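**Q** What would the 3D arrangement of this be:
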Amino acid sequence: MGFLDAVAKFRSGLARTRDSLMARVQQLAATHTRIDDETLEQLEEILLGADVGPATTTEILRRLKERARTEGFDSSDRLSELLKDEVARLLHVDGEPAPLPILPTSQRPLVIMVVGVNGVGKTTTIGKLAWQYRQAGKRVVIGAADTFRAAAKEQLDIWAQRAGAEIAGQSQSADPASVAFEALNTGVAHDADVVIVDTAGRLHTKLNLMEELKKIRRVMDKRLPGAPHEVLLVLDATTGQNGLQQVRMFTDAVQVTGLVLTKLDGTAKGGIVIAVSHDLGIPVRFIGVGEAIDDLQPFDRRAFIDALFDQSPSGGSSE
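**A** As a prediction, this is how the structure comes out:
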């Protein structure tokens, strides 16, 4: 997908956040003539309302205040432009080529462990991720290691068929770690490029869940040293700041390497992307901006910024 296509997808998915954020920022700029303490205080409320988060909001305001002082301007006319610039700086948008999806390099199969609480869209994310790899001509095996939730394997079966991937799994009562082991065996035996392993999102206690995930990780590493090569945590963007605690909890247990934010199109609080990227230092790999199989998008920071701050009518192209 080209950069312009990515921006178009992001524009559509970020419509609620953009309409809410930019409308309020523009109104603030129109009713205030200077970037002073009162303006920044109201901007703080706007950013917090978009779920940018306290720490990231404080840093943005600090930078804006410093620039207003050192660069010798205080007019609110440039507020939107400056805000966009500082958010881009926080996300390290520096003109480099857009990041590509995680694809196999020297390691085959590439093993991706997918974690997250129930209800965040983990199963559909795995199906859409498998479809992306299949579109890239890669052979994919899905490991159905969420044996705790009834019908989890059946849902993955459907997605595997849609994506053209192979599925490895056993009955609901099977040990999750043994299913993960089997999935890696299948991946190696069938010369797969990618093995994606689903995991449970709820056990009787959080402690039980984390211990189970740790066991799955250990077993995969024993079967294929270095596996899993990626641990993707799926977060529901509509949960907002509560998602930050999930990131910390899963990272402590299984060393999360990347985030997938789903349901971004269903919330006006897309600022959570900025918060998790800046506050936690864990990269956002993919975002979900719709229900279609191709609506899981590799996260492109430039496209995200351009779409979030697009001010043309209805979020369309300004050309």
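**Q** what are the phi and psi values for Gly226?
**A** When read as degrees, to the nearest 10, the backbone of Gly226 gives phi 100, psi -20.
**Q** where do the strands sit along the stretch 101-250 of the chain?
**A** 110-115, 140-144, 166-168, 194-198, 230-236 (DSSP state E, counting those that start in this stretch).
**Q** Determine which of these approaches Leu308 most closely.
**A** The closest of the strands of the stretch 101-250 of the chain to Leu308 is strand 230-236. By CB to CB, the value is 17.9 Å. Where you see a C-beta, it was placed from the backbone N, CA and C, and this is true even at glycine.
**Q** contact partners of that closest one?
**A** Identification of contacts with strand 230-236 by CB atoms under 8 Å, 6 or more residues apart in numbering yields 102, 110-116, 119-122, 125, 217, 243, 246-247, 250-251, 254-263, 272, 276, 282, 285-286.
**Q** Mind giving me the ChimeraX select for those, buried ones only?
**A** Command for ChimeraX, covering only those of the contacts of strand 230-236 found buried under the criterion 16 or more other CB atoms under 10 Å:
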select :102,110,111,112,113,114,115,116,120,121,122,125,217,243,246,247,250,251,254,256,257,258,259,260,261,262,263,272,276,282,285,286
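**Q** Sort out which of the contacts of strand 230-236 are in helices and list them.
**A** Secondary structure assignment by DSSP state H places Lys122, Thr125, Arg217, Gly243, Gln246, Val247, Phe250, Thr251, Val254, Ile272, Val276 of these in helices.
**Q** Which two among the residues you listed are spaced furthest apart?
**A** It's Arg217 and Ile272 that sit farthest apart of the ones in helices among the contacts of strand 230-236, by CB to CB, at 26.2 Å.
**Q** Look up how far Ala29 lies from the residue of the chain positioned farthest from its centre.
**A** Relative to the mean C-alpha coordinate of the chain, counting by CA atoms, centre = their mean, the farthest residue is Gly72 (37.4 Å). Applying CB to CB, to the nearest Å, the value for Gly72 to Ala29 is 19 Å.
**Q** likewise Val120?
**A** With CB to CB as the criterion, Val120 and Ala29 are 36 Å apart.
**Q** got it, and Phe309?
**A** As judged by CB to CB, Phe309 and Ala29 stand 13 Å apart.
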